[in-house]
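1. coords below, sequence missing:
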């Protein structure tokens, strides 16, 4: 994999609590920078540096008055074999507020030491070539992951499996550019046309890979942010009851009165390892003279338009009666009729075009237990029948929406990734168009050079301070 050339030389030594705020069994305090060894001397009492990466139990003292603060574990990581690439050490102490403050105050008393800024440890690791930019972003996502599949995607990205793809593409472009420049320099060669054809063919194949990667990229972004899911239907079909079952608590008010839900209620759920942002919405009907209910319906429609997944709640009895009148009709026909009644024909159109995911659910099967329910996902919010089947069905749908991250297949998951990849693809599109127009090879080479530069920006081989500030500002202090 391509590595960033080390170009960062710290003037200051930084420190921070890395194990999180509040009481805990063990607190980890990290120090990194050119004078990190001073922490070992002033606080750990070391006359000689300890062996690298070996754990030692030491009395840790306040360098101002010599008082013992705590007895803890000490580790020494000389650069460049450390997280930041600089000399680093750690104190692992008892996690009381008093002990932590004692160590931090002692570090503050050492000349040239200062408290770290948010994400500064990781920023130094990036500048020193220990991590590239997509790995940094993966690490940030790993710290914020709340579900198993999110963790898996973030971990694989933090370990470089996504940047490996981008670096490989950049190396391929550099290789093709070198061949093209060789053709320009030796255009008298009798092998000119064969070499040209070989380069053009490989560039177009790479273009198609990048185009496919961009097309699938929405999956990674949805997985990172959470699948926006809306429970939708007419009033009093059991949306809020179903919502409460999914939440495992009475998050929404449920009454027999039609139109009880007036506003959008949203919770974060973990469904089989996938992050779901589940929203309960007001029931939709033709019209209402109640301005509050009207606003609730408007908000429900807004939620549907922005949703990745719609759980379409219907009533089993109503469906059975409709099928009796329309015996040759299908469940999809009923969904179409139902959504038309709700004024959401566009949602069905998006569903047919594979732009919107819908799970149709028939509720209240306890009122018609003898009905044939083959091929229809049916539940009862009264006795819980069918809920397990629904969870299985939803898991499959979430896997379809988000994918399943592996070492061999990771999707881009940030707007920054998409922008650089689209800019790269635009240059390769121009390369293809101008190839067909027999444009000068020098111009074609410039398109390849620009495409390669966009991939370089993607992994951080070239970047601006403004971009770095945006990426690192969401890190906690101590990471």
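-> Perfect, thanks for sending it. If you're wondering where the values come from, they're calculated on a predicted model, not measured in any experiment.

2. when you work out contacts or count neighbours from here on, use the C-alpha atoms and nothing else.
-> Noted.

3. strands along the stretch 351-479 of the chain, start to end?
-> Using DSSP state E, counting those that start in this stretch, the strands of the stretch 351-479 of the chain run over 357-363.

4. low-confidence ranges in it?
-> In the predicted model of the stretch 351-479 of the chain, residues 370-374, 462-479 satisfy pLDDT under 70.

5. what segments of it are helices?
-> Taking DSSP state H, counting those that start in this stretch as the criterion, the stretch 351-479 of the chain carries its helices at 387-402, 415-436, 441-459, 465-472.

6. between these, which one is nearest to residue 102?
-> helix 465-472 (27.8 Å; CA to CA).

7. got the contact list for the most centrally placed residue in the chain?
-> Centrality entry for the chain: nearest residue to the mean C-alpha point is residue 224, 2.5 Å, by CA atoms, centre = their mean. Each residue near residue 224 by CA atoms under 8 Å, 6 or more residues apart in numbering is listed here: 141, 145, 150, 413.

8. likewise for residue 336?
-> Here residue 336 is in contact with 345, 348 (criterion: CA under 8 Å, 6+ apart).

9. and what about it, helix, strand or coil?
-> Secondary structure for residue 336, judged by DSSP: H, G, I helix; E, B strand; the rest coil, is helix.

10. residue ranges in the protein under the pLDDT threshold?
-> Short version for the chain, where the test is pLDDT under 70: 1-10, 186-193, 255-262, 370-374, 462-479.

11. can you give me the domain boundaries for it?
-> 13-126, 142-221+410-460, 226-382 (automatic domain parsing).

12. give me the subset of the contacts of residue 224 lying in helices.
-> The members of the contacts of residue 224 that map onto helices under DSSP state H are 141, 150.

13. which two among the contacts of residue 224 are spaced furthest apart?
-> 145 and 413, at 13.4 Å, using CA to CA across these.

14. more crowded one of those two?
-> Set side by side, residue 145 and residue 413 show more neighbours around residue 413, with 24 against 19, by other CA atoms under 10 Å.

15. excluding chain neighbours, give the residue nearest to that one in space.
-> Nearest residue to residue 413, sequence neighbours excluded (CA to CA, 6 or more residues apart in numbering): residue 221, at 3.9 Å.

16. angle of the helix or strand encompassing the one you found against helix 415-436?
-> Assessed by DSSP states H and E, residue 221 sits inside helix 192-225. Between helix 192-225 and helix 415-436, the angle comes out at 160 degrees (axes from the mean of the first three to the mean of the last three CA atoms, to 10 degrees).

17. flag every buried residue along helix 192-225.
-> The neighbour-count check on helix 192-225 (16 or more other CA atoms under 10 Å) flags 195-196, 199-200, 203, 206-207, 210-211, 213-214, 216-225 as buried.

18. check stretch 136-150 too.
-> Neighbour-count burial for stretch 136-150 [16+ other CA under 10 Å]: 136-142, 145-147, 149-150.

19. distance from the chain centre to stretch 163-173, please.
-> Computed by CA atoms, centre = their mean, to the nearest Å, the chain-centroid distance of stretch 163-173 equals 21 Å.

20. now what about it, what contacts it?
-> Contact with stretch 163-173 is made by 1-2, 132, 134-135, 157, 203, 206, 448-449, 451-452, 455-456, 458-459, as judged by CA under 8 Å, 6+ apart.

21. do that again at 6 Å, thanks
-> 134, 452 (CA atoms under 6 Å, 6 or more residues apart in numbering).

22. and it, which residues are buried?
-> The neighbour-count check on stretch 163-173 (16+ other CA under 10 Å) flags 163-164, 166-167, 169-173 as buried.

23. okay, and which of those map to helices?
-> Of these, the ones assigned to helices by DSSP H are 163-164, 166-167, 169-173.

24. need phi/psi at residue 65.
-> Dihedral angles of residue 65 (phi, psi; degrees, to the nearest 10) stand at phi -120, psi 0.
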